[in-house]
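Undergrad: what would the 3D arrangement of this be:
(one chain, ligands or ions: 1)
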Amino acid sequence: MNKLLRFDGRVAVVTGAGGGLGRCYALLLASRGASVVVNDLGGDPHGSAPGSTRLADNVVQEIRNQGGSAVSNYDSVEDGEKIVQTAIDSFGRLDILINNAGILRDRSFLKMATPDWDMVHRVHLRGSYLVTKAAWPHMRKQNYGRILMVASTSGIYGNFGQSNYSAAKMGVFGLGNTLSLEGAKYGINCNTIAPTAISRMTEGLLPTAVEKDLKPEFVAPFAAYLCHESCQETGKLFEVASGWAGRVRWEKSAGAGLKKGDEIPSIEDVRDNWAKITDFTNSVHHTNSAEATSFAIEKSRGTDDAKLSINYGSASTSSSPFAGIDIQKIFSRTVTVKPFQYTDRDSILYALGVGAKVSDPAQLKFLYEGHSDFCTLPTFAVLPSMEGMLPMVQEVMKDVDIHYANLLHGEQYLELYKPLPTSGTLTTEIKIAEILDKRTGAVIVANATTYNEAKERLCFSQIITFLKGAGRFGGESKAKFIKPPMSPPRRAPDVVVEEKTSLDQAAIYRLSGDYNPLHIDADFAAVGGFAQPILHGLSTFGHSVRHVMEKFTNYDPSKVKCIKGRFSRPVLPGHTLRTEMWKADNRVFFQTSVVETGDVSITGGYVDIESGGEEPQVAPSPSVQTSELSSDVIFEAIGNRVRSNPSVARQLSAVYFWKITKDGNVVREWTVDLKASPPALKRGTPDGKPDITLTISDGDFVDLVSGKLNGQKAFFEGQLKIQGNVMLAQKMDVLTKDLPKL
Ligand code: NAI
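TA: Now for the predicted structure:
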């Protein structure tokens, strides 16, 4: 504990460090090894007099006299770039920024002149913004930074004659709060202090009797600690004065729900609830906007009293929202969620969201309302229950204090009784089946049954969510009603489909109703610790089941009876999904992973198909002798065509080179030289550079030529690799169309 906290190798910028508090910060950091840029414009306390280099230079001299390292900078904080550049030019990096520069232009509000308002804002708020803005890319790039904002008790509590200054200082605090969130992922911490100290700025404002208590040196160690690499605090506000420091946080009364049902409250409702609105007996201290908003929504639904007794009044030592709750009461409630109305367009949009493509003619029926077999993918069945999920949790768990940011979708199960219509109005009833105590969290099992307009049961859906941090409430840990995930057989998969997702996949899927910004907003995703917005788990789920349908049901939705999957790792849009499948009787086990990272994103998955499902469309057996390839005979036919029909050669005038593979190895090479005279087919490589090189497996080549495999689909799914002039691939029909029967 006695180890000195040092800043060796760190570079700090302290703005307004030519005197007062800033000078003390600079001296202390330098005395502990930091290299410091001492910034100060050198003007008067009101920002009126012209600048001078003296203030900054004096402090730099003091630091150097003590053996420290420092340079001066005389720019205004409004020239943030130049200040940061001084750090980079002098020391090569920037680790610490203290936004300390400040001026005062006190006037009562009546006399406040707009230039006085603006000038104070320009130095405090705009200046802090501009220097931080310049520092941010350096800190982000090095994944490290410590930023200190300087606010004031005048902002926190207000101060007569300081409307301009109070407003600017609270602006600085708000800026710091958001930067702490945006910087978290990059090791950038940002805190705010409201110091009090004697300085030229406070001349005449603080009583002389307390001068010795309020030396700026008393504040500096606290500021320095927040700037040390060992301090992990971020997004907090502290008051510091006289060798004392304390944290300041927001306190909110439990408040009052003002509306009855969905009615807009009246002004009188506000008046009549005033005592409750302002009663701090059961106050709360929220630490983020999401908590604050979900609290307001929960309270407005009239659930306040029960919850407060759990959180604040209960003798229970557990912080789980289920502690002290009669869970049986929750199980007895059924909620019928708002009818789910959808049209053909929604069915199509969903299919696009799970990667269905018009390039595969077999999938067109999911994408075109004019198709004779137009139908809805079976995984669409997740939508009616998911849409009702949040309102349901709020209603069924009205006496439980749930923070929705902590809810994770863990598993999904579907049972399909009838094919889903392509449009209609569905109703869904949801019930909580069980709540399990898993210590690190609670597992909430919700069962949903969806009916069509004729009240016929269409599907059953089981949604398993994990509520982080809600365990240890003394509940059951063993599941009774969960449809469990199933491990695949212990053998190599029978069949595998790889499919590259689109970069816009999440942007499309969200239009089916899950508008969580995590899937579209990079900054929001960064707060959750993701490098970019992630794909919806249910989109990956839909892709995987589509792969199973491709291989085992010939895309017939009526053959899909049950589906299960557990979400394990996120997928990024643009990544390639690899669905491995094993067939055992009527069950197709599947597991989905990301080719680029190897991460497994869905585990324990299975699709139960109606008996009579297709046998897997696996590639021809590897035991086929490579000396006799199925494609050989096609190439011979191509050779005959080009030799006997010179117009083919004239039309294409190119050198085609094919590499035919088996089990991933190139086993045959063919060149069709249409530039030669006469045009020629030969086994082996071309003499010069080919215009196009096509790599494809023997079986896929046969399928391609016979029309079973779509060329574009094969290309996009990696079965067909093309180098060179891609247009020539599209013209290949001229060589392969209507070849004599093999
Ligand atoms: P100070 O007046 O001694 O220091 C402020 C420094 O900022 C001065 O050296 C000044 O030349 C410099 N400066 C002003 N405008 C600048 C600009 N545009 N660019 C670069 N430098 C500029 O005042 P003090 O008391 O040390 O204040 C430091 C910070 O602490 C200020 O942000 C102030 O608002 C804040 N603060 C101070 C309190 C106190 O009790 N002293 C109370 C609450 C907040």
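Undergrad: tell me which strands the helix or strand that contains Ala433 pairs with, and in which orientation.
TA: According to DSSP states H and E, Ala433 maps onto strand 424-437. As defined by DSSP bridges, the strand partners of strand 424-437 come to strand 334-342 (antiparallel), strand 441-451 (antiparallel).
Undergrad: out of these, which is closest to Thr695?
TA: Checking the strands paired with strand 424-437 against Thr695 by CB to CB gives strand 334-342 as the closest, at 42.7 Å. In short, each C-beta sits where N, CA and C put it, glycine included.
Undergrad: so which bits of the closest one are buried?
TA: With burial defined by 16 or more other CB atoms under 10 Å, the residues of strand 334-342 counted as buried are Val335, Val337, Phe340, Tyr342.
Undergrad: and what of stretch 105-113?
TA: Buried residues in stretch 105-113, defined by neighbour count with 16+ other CB under 10 Å: Arg105, Asp106, Met112.
Undergrad: then stretch 277-286?
TA: When neighbours are counted by 16+ other CB under 10 Å, the buried residues of stretch 277-286 are found to be Asn282, Val284, His286.
Undergrad: is Arg578 in a bridge, and if so with what?
TA: According to DSSP bridges, the residues that bridge with Arg578 are Glu498, Ser593.
Undergrad: quick one, what contacts it?
TA: By CB atoms under 8 Å, 6 or more residues apart in numbering, the residues touching Arg578 are Val496, Val497, Glu498, Thr592, Ser593, Val594, Val595.
Undergrad: what about the closest residue to Ser180 other than its chain neighbours, distance to Val702?
TA: Using CB to CB, 6 or more residues apart in numbering and skipping residues adjacent in sequence, the residue nearest Ser180 is Gly235, 3.2 Å away. Look at Gly235 and Val702: by CB to CB, to the nearest Å, they are 62 Å apart.
Undergrad: equivalent analysis for Tyr129, please.
TA: Here the distance between Tyr129 and Val702 works out to 65 Å (CB to CB).
Undergrad: kindly report the same for Val354.
TA: Look at Val354 and Val702: by CB to CB, they are 30 Å apart.
Undergrad: and if you look at Phe524?
TA: Relative to Val702, and taking CB to CB, Phe524 is found at 48 Å.
Undergrad: comparing the two, which residue is more hemmed in?
TA: Between Phe524 and Val702, counted using other CB atoms under 10 Å, Val702 has the larger neighbour count: 19 against 16.
Undergrad: the more buried one against Val633, yeah?
TA: No. Proximity of Val702 to Val633 does not meet the contact threshold set by CB atoms under 8 Å, at 9.1 Å.
Undergrad: now the residue of the stretch 601-742 of the chain found nearest the ligand, what's its secondary structure?
TA: In the stretch 601-742 of the chain, no residue comes nearer to the ligand than Ser601, which is 48.9 Å away by CB to the nearest ligand atom. Here Ser601 is recorded as strand under DSSP: H, G, I helix; E, B strand; the rest coil.
Undergrad: can you give me the distance of it to Val210?
TA: To Val210, Ser601 is 62 Å away according to CB to CB.
Undergrad: please identify which of the two sits among more neighbours.
TA: Ser601 (25 against 12).
Undergrad: for the stretch 601-742 of the chain, just list every one of the helices.
TA: With DSSP state H, counting those that start in this stretch as the definition, the stretch 601-742 of the chain shows helices at residue ranges 630-644, 646-652, 698-706, 711-716, 727-730, 733-736.
Undergrad: between these, which one is nearest to Glu268?
TA: helix 711-716 (63.2 Å).
Undergrad: helices or strands up against the closest one?
TA: Helices and strands in packing contact with helix 711-716 are listed as helix 698-706, strand 720-724, helix 727-730; criterion 3 or more CB pairs under 8 Å, 6 or more residues apart in numbering; DSSP states H and E.
Undergrad: make TSV out of these and add mean pLDDT.
TA: Formatted as TSV, these follow (pLDDT from 0 to 100):
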stretch	mean pLDDT
helix 698-706	87
strand 720-724	86
helix 727-730	83
